Every structure is written in C-alpha cells, then in structure tokens.
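A.B. asks: starting from these lines, generate the structure:
(one chain, ligands or ions: 3)
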Amino acid sequence: MKPIQVGLLGIGVVGSGTFNVLQRNQEEIKRRAGRGIDITMVADLNVARAQALVGPGVTVVSDARAVIANPDIDIVIELIGGYGIAKTLVLEAIAAGKHVVTANKALLAVHGTEIFAAASAKGVMVAFEAAVAGGIPIIKALREGLTANRIQWIAGIINGTTNFILSEMRDKGLDFAVVLKEAQRLGYAEADPTFDIEGVDAAHKVTLMSAIAFGVPVQFDKAYIEGITKLGAADIKYAEQLGYRIKLLGITKRRQGDATKRQTDGIELRVHPCLIPAKRLIANVEGAMNAVVVQGDAVGTTLYYGKGAGSEPTASAVIADLVDITRLHTADAAHRVPHLAFQPNAMSKLPMLPMSEVVTSYYLRLRVADETGVLAKVTGILAEAGISIDAMLQREADEVGGEGSTQTDLIILTHDCMEARMNAAIALMQALPSVLEPITRIRKEELA
Ligand SMILES: NC(=O)c1ccc[n+]([C@@H]2O[C@H](COP(=O)([O-])OP(=O)(O)OC[C@H]3O[C@@H](n4cnc5c(N)ncnc54)[C@H](O)[C@@H]3O)[C@@H](O)[C@H]2O)c1
Ligand SMILES: N[C@@H](CCO)C(=O)O
Ligand code: NA
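C.D. replies: Ligands and ions are numbered 1, 2, ... in the order given. Prediction:
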C-alpha cells in the first residue's frame, strides 16, 4: 500500500520535531501504522528556513491553502497556533475532506464545538493529543484507557513554563523574569507568554480534559483562571514550612449536589495556584515536566507524568495521532472514537459551576500589626463565618520585618468552605485596621 500523504502547516518548534521524528523512526512507525506516513508538503511563511529543514525532496510553499487544495494529501497537521488563521485553515481542511491533527489547545478550547461538529458532519477526524500535556498520552488515557470509569476529578500540572518558573524560583532563588526568558529560549512558552503565566494555557488544556472526562461541550468561557504572577516568594517558603508545595493546577471535578448544603450538581473548572501536601508525587514534579492525576470510580487514582512541552516530546503525540488516523482511515466513520469520547448526540447538560460555589480549603497570609487582639479579631471573623481553622503559624515580628519590626505574618490553613463564604470573610478581615496589606489567599487540595 502506498504511504499516506501528510501536509504540514507551520514548521516551527513542534513542526520541525514532528518532521525529524517521523523521518528518524519511519521504518518502525510504518510497521505500527500498517502503512508508511510521509510529509510530502509543508507550508510556512519562512519558506527558506522550512526548505532547509526538510531538504529538497519535500515541496515547501508559503501559502497553507495550497496544501489544503492538494488532492493527494489525506491528513493536514496544523502547527501554526492561535485562534486566527489556524481556525480558518482547520475548517477549510475539514471542508476539503482532510483529517486534521493539531497541537492547538487555544483553538480547540475556544472553537472546539464548531470544529468537531464540522469534522463529524464531514466524516473526518480531528486529533489533538499534543494539545494537552504535550507528549503525555493523556487524551488517549481519558478517552480509551479509562473508558469504564465514572471520572470523579482530574488535577494536573499542565503548563511547563509556569512549573519551570516556580521550580527555578524555589530552588535557585532566581527572578521571575529571568526564568521566563529561559523558558522562552527553550521553546516551552506560548507565542504570547502571558497565556502561560496568567493560567490561560492551562485553562485551555483543562477545558479539553473536562469535556472528555464528563461528556460536556468545551466551555473555556466558564473556566475560573488565576495565574502565578501574584504569587510571592514568602508564600512559597511558608507553604514549605507547613508541609506543602505550591503548584499551578488545572482542576476539573464532578460535584454531586447536596440539598441540605444548597449545592447543585455540576462541574468545577478552574486554574489557580494551589497548596499540595509535599508528600504527594505530583508535588514533586519539577521543571518543565507535566503530571496529571485522574480519579476514576473503578480504577482509583492514576498518575500520568512526562514532558508537556518541547519539540520532540510534543512531536511524539502529533505522530501518535497520525498513526491512529492512518489505521482508521478506511474504517467506517460511525465507528470511530468520538472527538470528546462521548457521542455528539449524548452530551450531558450538567452546568459548569461558578467559582463562588466551589468548596476547597485555604491558605491565608495576613500581614498584620504586631499588637494584642489582632489574632482574636481574625479568628473571630472566621468563626462567625463558620470557617474552621486547620493549622496556624505566626512569625516573630523580627523574623518578618527585621529587628524592631512592628509587623508580622499570620498564616492560617482552613478546613473546607465555600468560596463565596471565604470571599466575604476575607473582605471583613481586610477591613480591619491592623491588617496592613492585601491578604494572600491560596486554595489547597489534598488530592487523595
Ligand atoms: N512549543 C511547545 O512546546 C508546544 C507544546 C504543545 C503544543 N504547542 C502548540 O503547538 C503549536 C505550534 O507551536 P510552536 O511552539 O511550534 O510554534 P512556533 O512559533 O515555533 O511555530 C509556528 C510556525 O508557524 C509558522 N506560521 C505562522 N503563520 C503561518 C501561516 N499563516 N502559514 C504558514 N505558516 C505559518 C511560523 O513561521 C512558524 O514556523 C501552537 O498551537 C502551540 O500552542 C506547542
Ligand atoms: N506553553 C506550553 C507549551 C505546551 O503546551 C507550556 O509551557 O506548557
Ligand atoms: Na498529550
């Protein structure tokens, strides 16, 4: 059988890795796929660079539409990124009857519903393993390996750039901006790195996992998003002293309603810095590594760990999708694995819960005047709000502000309470004259 022909749109960090790995492992990949897989055409704005990367045997063009228009191409790989031209090209490729492989989580998290519907109508596949946790086969695990389970929750370190920044800041005391530059140099960061540091990239990825886990449409607009830019070095240190690590987590959780607590059924979808007990495996995931914990009712807790960014790790996932599609290319469209694991006509209507209804425990840090009565006022507000305290740490004023200091830090770990209740208590504490700076609040997850 002749090789399946593939067109590549965008040959940057991930595109070049895909081309190289496919060449290097072509014999082995052919044995697995049952047929050769050849990238025969590449489109990139920088034609000279692209031609130098792929050599004379491959046609290189600047206009991506020329690839889509080529009737010999069966699969189009989109590795340009962003919501702009990439969306148009993906929809045009689908309309032309091509299968699509993409690493573009931003595009699918925002426009997935439209793209998957177009692909289903046309009977082609849109595969996106590389879009979530790069080289880790988490989409396959969720969609196929764990298909027997009722998924209860997923929590993951799914942005390599921010995990790299947090690790380097903690271990080497390096400056935020310096580490971000290094992450950009290594090819981890998004074209717009605010997507990484503000939690948007992680939210794109957890949105896709949420849809696959719970059989709901992709709803990026419902995600609560908080990045790492407001995180202080002091909080990283205090968390350690209390036996926790701070990680930027993407979390999605199924919540069973409880009428007595006025809680409805729904799904949590959120990204924010989080305290995790230091003894958990995921708390020890360092550098640009990613890890995803999935809790299913039958299997229990499972953990997936590996490189979530970078040229060849991401290429590994792109090529896995190419192999899947090659195998299924001739199969009956109705029997293919659905894009979001559930059949399009069997999607759930469970609502995404607002952040105010989420129940978690909290770490609070209050910079206070070192005077009698402050502690009583703070704990009084929490007690009044029905929020119980799990642990407390009060620093000596000298330790916090140097000799003769009149300020100190009060660190409080709470038990579970609803976000709205905590917001109200924080507002009351913030209004106390002895609370001198904005209160730091970090949510806490036991992940067990
Ligand atoms: N870099 C990573 O580690 C990583 C990991 C997972 C997913 N992703 C995703 O993969 C995609 C690609 O990321 P990247 O890091 O390879 O980006 P990149 O910037 O290195 O590569 C993009 C390439 O697309 C080309 N391009 C831009 N506009 C084009 C157009 N209109 N027509 C043809 N080519 C065009 C650029 O010249 C460039 O070579 C993005 O969606 C990104 O979010 C990246
Ligand atoms: N910018 C992303 C790339 C992988 O999706 C990250 O840092 O994880
Ligand atoms: Na993946």
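
A.B. asks: which positions in this protein make contact with ligand 1?
C.D. replies: 9-15, 43-46, 64, 79-81, 85, 103-104, 130, 134, 187-188, 190-191, 309-310, 314 (Cβ under 6 Å from any ligand atom). C-beta here means a position set from N, CA and C on the backbone, and glycine is covered the same way.

A.B. asks: show only the entries of those found in strands.
C.D. replies: Members of those lying in strands (criterion: DSSP state E): 9, 43.

A.B. asks: and the residues of the chain next to ligand 1, which of them are buried?
C.D. replies: 9-15, 43-44, 64, 79-81, 103-104, 130, 134, 187-188, 190, 309-310, 314 (16 or more other Cβ atoms under 10 Å).

A.B. asks: among the residues of the chain next to ligand 1, which lie within helices?
C.D. replies: Secondary structure assignment by DSSP state H places 13, 14, 15, 64, 85, 314 of those in helices.

A.B. asks: list the contacts for the residue of the stretch 151-300 of the chain at minimum distance from ligand 1?
C.D. replies: Nearest to ligand 1 in the stretch 151-300 of the chain, going by Cβ to the nearest ligand atom, is residue 187, at a distance of 5.0 Å. Neighbour list for residue 187: 13, 309, 310, 311 [criterion: Cβ atoms under 8 Å, 6 or more residues apart in numbering].

A.B. asks: okay, now the closest residue to the last one other than its chain neighbours: neighbour count?
C.D. replies: The shortest distance from residue 311 to any non-neighbouring residue, by Cβ to Cβ, 6 or more residues apart in numbering, is to residue 17 (3.4 Å). Applying other Cβ atoms under 10 Å, we find 24 other residues in the vicinity of residue 17.

A.B. asks: over to residue 372?
C.D. replies: 6.

A.B. asks: the chain against ligand 3: which residues are in contact?
C.D. replies: Residues of the chain found near ligand 3 (Cβ under 5 Å from the ion) are 129, 132, 133, 136, 138, 317.

A.B. asks: most neighbours among those residues, which one is it?
C.D. replies: residue 133 (33 neighbours).

A.B. asks: doesn't residue 159 make contact with that one?
C.D. replies: No: the criterion here is Cβ atoms under 8 Å, and residue 133 misses it with residue 159 at 9.4 Å.

A.B. asks: now for these two: what residues contact both?
C.D. replies: In contact with both residue 133 and residue 159: 205, 290, 308, using Cβ under 8 Å, 6+ apart.

A.B. asks: which of these lies closest to ligand 2?
C.D. replies: residue 308 (5.0 Å).

A.B. asks: how far out from the middle of the chain is the helix or strand of the chain with the lowest mean pLDDT?
C.D. replies: Using mean pLDDT, DSSP states H and E, helix 397-401 stands out as the lowest-scoring helix or strand of the chain, at a mean of 73. Helix 397-401 sits 38 Å away from the centroid of its parent chain (Cα atoms, centre = their mean, to the nearest Å).

A.B. asks: buried ones in it?
C.D. replies: Quick answer for helix 397-401 (16+ other Cβ under 10 Å): 397, 400, 401.

A.B. asks: can you dump the C-alpha coordinates of that helix into PDB?
C.D. replies: Provided in PDB are the C-alpha atoms of helix 397-401 (Å, rounded to 0.1, in the frame of the first residue of the first chain):
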ATOM      1  CA  ALA A 397       8.000  40.200  64.000                       C
ATOM      2  CA  ASP A 398      11.800  40.300  63.900                       C
ATOM      3  CA  GLU A 399      11.900  37.400  61.600                       C
ATOM      4  CA  VAL A 400       9.400  39.000  59.100                       C
ATOM      5  CA  GLY A 401      10.500  42.700  59.100                       C
END
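
A.B. asks: sorry, back to before: confidence score at the residue nearest to residue 311?
C.D. replies: At residue 17, the pLDDT value in this model is 98.

A.B. asks: tell me the contacts of it?
C.D. replies: Counted by Cβ under 8 Å, 6+ apart, residue 17 has contacts 310, 311, 312, 313, 314, 315.

A.B. asks: and of those residues, the nearest to residue 368?
C.D. replies: residue 310 (44.0 Å; Cβ to Cβ).

A.B. asks: hmm, that closest one is touching residue 185, no?
C.D. replies: No: using Cβ under 8 Å, residue 310 is not in contact with residue 185; the gap is 11.9 Å.

A.B. asks: what residue ranges in this structure score low on pLDDT?
C.D. replies: 330-337 (pLDDT under 70).

A.B. asks: which SS state does the residue most central in space within the chain fall under?
C.D. replies: For the chain, the residue nearest the mean C-alpha position is residue 202 (3.0 Å; Cα atoms, centre = their mean). Per DSSP: H, G, I helix; E, B strand; the rest coil, the secondary structure class of residue 202 is helix.

A.B. asks: how about the helix or strand hosting residue 114: buried residues?
C.D. replies: Per DSSP states H and E, residue 114 falls inside helix 105-122. Across helix 105-122, burial judged by 16+ other Cβ under 10 Å covers 105-113, 115-116, 118-120, 122.

A.B. asks: so what does that helix touch, helix or strand wise?
C.D. replies: helix 85-95, strand 126-127, helix 200-214 (3 or more Cβ pairs under 8 Å, 6 or more residues apart in numbering; DSSP states H and E).
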